[in-house]
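# structure of the sequence below:
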Amino acid sequence: MKSAISRRYFLYASLGATLSQILGGCSNSATITQILFLENSIPVQLIKDFQKTLKSDNKTDFQPQNQFKQIFDSLTRWQQSKNEDKKTQGLIDKILNRPIIYPSVTSLGDFWLSDAIEQNLIKPLAINNLAGWQKLPKTWQQLVQRNQQGYLTQEGTIWGAPYRWGSTVIAYQSKKLEKLNITIKDWQDLWQPELRDRLSLLDSYREVIGLTLKKMGYSYNTQNINSISNLEKELLALHKQTKLYSSDRYLEPLVLGDTLVAVAWSSDILPILKQYPEIKFIIPPSGTSLWADIWVEPQISQVSNKDHNQALINSWIDFCWQSKAAQQISLFTSGISPITRSLKRSELSTDLQDNVFINSEVLYSEKSEFLLPLEPAINQQYRDLWLKIRQ
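Numbers count the residues shown, from 1 in each chain. As a prediction, the model looks like this:
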């Protein structure tokens, strides 16, 4: 069977080898705007549609990346290149009379945003130049409004443009659970004795501790978990239920039946449902964690013809927020555009009108939360507890 698809490591290989050649091209005579994006988070047709709107002298080079860590590492490397000797940097490019191209905009997961801000890897967006910003629901506007340390604040600067989102869900082997007379309706069902050693959990302390907190009636972003007396007991009990912790191969044992239930990112589950119809999923009604893919601008980007380049960046971000593009993202990727929430049902394509993520009330309520950055001392509480449970 094929390896499971991870939100942080997409294994669809068909796009990566040729997409840059098909959609980007390399030109030495004109300014090139390079855009890095998480593979499979943007439909190929959407990119083609955008390029049709450009003038002939506007060159774009779309580069798919396998995982957010790859993008984040690139951001770090570009920032470090500031300190390199400019005389030796890009020597081969200079010899070949080839311009050095730095990406003007990249995808980044919301979980990486605070580190990118704090390390000065990205720069704020000029939202006054983004016509589509007002279409974005408040939840997603607030997600990218941060201070210089990367923490959410109403007085903060806008650091990114969300274009796709999803959630954590509970996936399960429907036929096998039915035979065992086991039902999965919410987080507390993971603690059923019949599921001992039959769970796949994400290898993420924020996700696992967070779902346990949610089961107990607390927030994913609870500030002082050391004050919750039963939390460790609940986590130990969940640990005994768990056969596997993984963030990229947790679906394989579920499909094979080695585990019966998996806590999963929606972007991993949705692509396999047609191939494995016995796999079902629920969105926990008590609430769950959310994730978002965001456009950000690197501190180091294309500097020649800066105004021209910035206008193209703004055009691309706004294009992703248009109704047609938002629906393409929602139909042809394993995520949902936040813009769909502001569209009337009649404005949605027929295939989206009954989409469970668009119509879910719990996902748009305060019950569901993004995993927000924690102060170092609080984050250490989570890490210490995680290590203690996993011993």
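# following the longest strand along the chain, which helix or strand comes up?
Taking DSSP state E as the criterion, the chain has its longest strand at strand 161-173. Using DSSP states H and E, the next helix or strand after strand 161-173 towards the C-terminus is helix 174-179.
# tell me how far that next one lies from the chain's centre.
31 Å (Cα atoms, centre = their mean, to the nearest Å).
# contacts for whichever helix or strand comes after that helix next, please.
Downstream of helix 174-179, the next assigned helix or strand under DSSP H and E is strand 199-201. With Cβ atoms under 8 Å, 6 or more residues apart in numbering as the test, strand 199-201 has contacts from 190, 207-208, 238, 241-246, 250-251, 253-254, 259-264. Glycine gets a C-beta too; all of them are placed from N, C-alpha and C.
# swap in stretch 118-129?
If you take Cβ under 8 Å, 6+ apart as the criterion, stretch 118-129 is touched by 72, 75-76, 78-79, 108, 115-116, 133, 144, 148-150, 157-161, 296-299, 310, 314, 317.
# so of the residues you listed, which ones are in strands?
Leu108, Thr157, Ile158, Ala161, Val296, Glu297, Pro298.
# of these, just say which sits nearest to Ser167.
Leu108 (18.3 Å; Cβ to Cβ).
# for that closest one, which non-adjacent residue is closest in space?
Among residues not flanking Leu108 along the chain, Val296 sits closest, at 4.8 Å (Cβ to Cβ, 6 or more residues apart in numbering).
# tell me how many other residues crowd the one you found.
Neighbourhood size, Val296 [other Cβ atoms under 10 Å]: 26.
# what residues are up against it?
Neighbouring residues of Val296 by Cβ under 8 Å, 6+ apart: Val105, Thr106, Ser107, Leu108, Leu113, Ala116, Ile122, Leu125, Trp159, Gly160, Ala161.
# which SSE is immediately downstream of the worst-scoring helix or strand of the chain on mean pLDDT?
One helix or strand of the chain scores below all others by mean pLDDT, DSSP states H and E: helix 19, with a mean of 49. Following helix 19 in sequence order, the next helix or strand is strand 32-38 (DSSP H and E).
# show me what counts as buried in stretch 65-83.
Gln65, Asn66, Gln67, Phe68, Ile71, Phe72, Ser74, Leu75, Trp78, Gln79 (16 or more other Cβ atoms under 10 Å).
# meant to ask about stretch 339-356, not that
Ile339, Thr340, Arg341, Leu343, Leu348, Leu352.
# with pLDDT, distance to Ala171 and secondary structure as new columns, can those residues be given to me in CSV?
Shown next, in CSV, are those (pLDDT from 0 to 100; distance: Cβ to Cβ, whole Å; DSSP: H, G, I helix; E, B strand; the rest coil):
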residue, pLDDT, distance to Ala171, secondary structure
Ile339, 97, 27, helix
Thr340, 96, 23, helix
Arg341, 92, 24, helix
Leu343, 94, 28, coil
Leu348, 96, 25, coil
Leu352, 96, 22, coil
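# returning to that earlier point: from the contacts of Val296, which is closest to Lys388?
The closest of those, once distances to Lys388 are taken by Cβ to Cβ, is Leu113, at 28.4 Å.
# could you check how far that closest one is from Thr139?
Separation of Leu113 from Thr139 (Cβ to Cβ, to the nearest Å): 15 Å.
# who has more neighbours out of the two?
Leu113 (23 against 19).
# now do the domain split for the protein, please.
19-165+291-364, 167-289+372-390 (automatic domain parsing).
# mean pLDDT lowest where, among those domains?
Mean pLDDT is lowest for domain 19-165+291-364 out of these, coming in at a mean of 85.
# what's the helix or strand encompassing Ile269 packed up against?
Taking DSSP H and E as the criterion, Ile269 maps to helix 266-269. Applying 3 or more Cβ pairs under 8 Å, 6 or more residues apart in numbering; DSSP states H and E, one finds that helix 266-269 contacts strand 161-173, strand 279-282.
# try 6 Å
Under the contact criterion of 3 or more Cβ pairs under 6 Å, 6 or more residues apart in numbering; DSSP states H and E, helix 266-269 touches strand 161-173.
# give me the contact list for the strand it packs on.
By Cβ atoms under 6 Å, 6 or more residues apart in numbering, the surrounding residues in contact with strand 161-173 are 41, 140, 184, 260-262, 264, 266-267, 269, 279-283, 288-295, 317, 320, 329, 335-336, 338, 363.
# how much space between Lys214 and Ala262?
Using Cβ to Cβ, Lys214 is found at 17 Å from Ala262.
# more crowded one of the two?
Using other Cβ under 10 Å as the criterion, Lys214 and Ala262 rank with Ala262 on top: 29 against 24.
# for that one, which three-state class applies?
What DSSP: H, G, I helix; E, B strand; the rest coil gives for Ala262 is strand.
# could you tell me which residues make contact with it?
Contacts of Ala262 (Cβ under 6 Å, 6+ apart): Ala171, Ser200, Tyr250, Leu254.
# how close does the last one get to Ile127?
Okay, so that is Leu254. For Leu254 relative to Ile127 (Cβ to Cβ), the value is 41 Å.
# comparing the two, which shows the higher neighbour count?
A count of neighbours by other Cβ under 10 Å puts Leu254 above the other of Leu254 and Ile127, at 26 against 19.
# so that one: helix, strand or coil?
Classified using three-state DSSP, Leu254 is helix.
# who's in contact with it?
Counting by Cβ under 6 Å, 6+ apart, the residues that Leu254 touches are Ser200, Ala262.
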